[in-house]
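Peer 1: sequence plus predicted model, see below.
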Amino acid sequence: MRKFIDQEELRDLWLKVCREVSREIPHSNIAIVGIRTRGAHLAARLRNFLKERTGIDVPFGILDITLYRDDLTAIAEQPVVRSTEIPFNVTGKRIVLVDDVIYTGRTVRAALDELIDFGRPSYIRLAVLIDRGGRELPIQPDFVGKFVELAPEEVVEVKLKEIDDEEGAYILKKK
Amino acid sequence: MKWRRKDLLGLRELSREEIEYILETAQPFKEISERPIKKVPTLRGKTVVNLFFEPSTRTRISFELAEKRLSADTINFTPGSSSVLKGETLLDTLRNIQAMQIDCVVMRHPSPGSCHFLAQRLDVPVINAGDGAHEHPTQALLDLFTIKEKKKRIEGLKVAIVGDIRFSRVARSNIWGLTKMGAKVRVISPPTLLPPCIEKMGVEVFYHLKEGLRNVDVIMALRIQRERQNESLIPSIREYRKLYGITREVLKVAKDDVIIMHPGPVNRGIELEPEVVDSSHSVILEQVTNGVAVRMAILYILMGGEVS
């Protein structure tokens, strides 16, 4: 286990993503949606950033993509389903979808399918803290905190103070 | 928790932990039925066979909605139009259906134990949708879910089950479930409508309605089965209503925030006064709404992931 992003760097990286999102996406009709669990916390930070900057409380939602996974019968232990909360009409919104790490792209695929089941957004942009390469689907993030090319046997683990004891990101070797 | 069962047959064999797991899993499924598109792709490509050998409206529709909202394909089978009439045994019928690569069987049958019998002989999950006077696990689970939603807990609550306990699979499943979850259960019924040795299930018995309802948090009224009227177990429907019908008047002895439940179909004006059915204490329609979420959770648990 190797720490490759510490607390300060993580804060700076996400701040950079927040600034880019704020600069490139018009604030009218913007909405933020985070993918459980850590994507939702990063999304909440983005919402707070926009609120401090503009005073606008933008619509905010959380996706649990478990029911849209493409590997349900292949995984040994059944994943716990938690609630999806999209308390606004997504139709016509400029949605910023947030996750902590992008790898194969399958989680984002599931999230896109689920979001589209709620309506027809104007567009969806993807913001991630870490892009670790290794895509299996033609899905690319629009806003990236840090890119790092990792081998398939390596795993990225992000820690956020909202749910973890610390803040930062680690690279682990799969057993 | 790791789920290890192939089937859902009754609450008698479930542990408290397993019951809690189902109730927790059901929570997020409730939201799906409130979406503009009430469907998730989770069970796409799976086929569920609904076999109802007894009449049913609520349970059958609820199961079918739950299956469809999870994107499963559904086949409905009723004995009236099938080879059961040509003398095929239940097991042969089911083996033939299983040979067509189906993924789950939901069955209601008048014989107690029929679902257990099938579950041991089929490879696919079997869900009991009511077997005679034995068990109706999904009804009890949706009742527990509704109580938990309304009261924020089950442990320590006083729950009264009123009416025809003897022939009620709903009562039996609920008694197993409620006592496991730590509720204090009492049954209120004429002696002729109680099964022998009911006390052994861990419940208190009352013959007088008003005595039994004192200070309860939850009332579950059961349907008086009018089709059993010729068995002379009660003198008359009118007398039953007079002694055991739940009225606004008799409700005054219960807690102020008592909730009233009923598995349906309600005989308005017999087991429940019409004003009670429509009162703010009544959660009968919420039970129906929750039924779909609870059944979705059960289908997901039995078919969504690998049994390891």
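Peer 2: Structure's in. What do you need?
Peer 1: can you give me the pLDDT of the closest residue in space to A:Gly133 that isn't next to it in sequence?
Peer 2: Closest residue to A:Gly133 apart from its sequence neighbours, by Cβ to Cβ, 6 or more residues apart in numbering or on different chains: A:Glu149 at 4.4 Å. In short, each C-beta sits where N, CA and C put it, glycine included. We have a pLDDT of 96 for A:Glu149.
Peer 1: for B:Met1, same thing?
Peer 2: Note on B:Met1: pLDDT of 80.
Peer 1: ok, and for stretch B:49-57, which residues are buried?
Peer 2: Neighbour counts over stretch B:49-57 (16 or more other Cβ atoms under 10 Å in any protein chain shown) mark B:49-54, B:56 as buried.
Peer 1: residue ranges for the strands of the chain, please.
Peer 2: I went with chain A, as the question did not name one. Per DSSP state E, chain A carries strands over the ranges A:2-5, A:30-35, A:60-63, A:94-102, A:123-131, A:143-147, A:154-159, A:168-173.
Peer 1: could you do chain B instead?
Peer 2: Along chain B, counting by DSSP E, strands occupy B:47-52, B:73-77, B:104-109, B:126-131, B:158-162, B:184-188, B:204-206, B:218-221, B:259-261.
Peer 1: tell me how many other residues crowd the closest residue to B:Ser173 other than its chain neighbours.
Peer 2: Nearest non-adjacent residue to B:Ser173, counting by Cβ to Cβ, 6+ apart: B:Ala140, 3.6 Å away. Burial of B:Ala140 is recorded as 27 neighbouring residues (other Cβ atoms under 10 Å in any protein chain shown).
Peer 1: distance of B:Ala140 from B:Tyr244?
Peer 2: With distances taken as Cβ to Cβ, to the nearest Å, B:Ala140 is found 21 Å from B:Tyr244.
Peer 1: count residues in the vicinity of the single nearest residue of chain A relative to chain B, would you?
Peer 2: Using Cβ to the nearest Cβ, the single residue of chain A nearest to chain B is A:Gln78, 3.1 Å away. Number of residues near A:Gln78 (other Cβ under 10 Å) recorded here: 21.
Peer 1: again with A:Val155
Peer 2: Neighbours of A:Val155 under the rule other Cβ under 10 Å: 16.
Peer 1: pretty sure it is touching A:Leu172, no?
Peer 2: Yes - using Cβ atoms under 8 Å, A:Val155 is in contact with A:Leu172, at 4.6 Å.
Peer 1: what does the model give B:Ser308 for pLDDT?
Peer 2: With respect to pLDDT, B:Ser308 has a value of 36.
Peer 1: how about the helices in chain A?
Peer 2: For chain A, the helices defined by DSSP state H occupy A:7-24, A:38-54, A:106-116.
Peer 1: would you turn those into JSON lines with mean neighbour count and distance to chain B?
Peer 2: Shown next, in JSON lines, are the helices of chain A (neighbours: other Cβ atoms under 10 Å in any protein chain shown; distance: least, Cβ to the nearest Cβ, whole Å):
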{"stretch": "helix A:7-24", "mean neighbour count": "16", "distance to chain B": "26"}
{"stretch": "helix A:38-54", "mean neighbour count": "19", "distance to chain B": "14"}
{"stretch": "helix A:106-116", "mean neighbour count": "20", "distance to chain B": "7"}
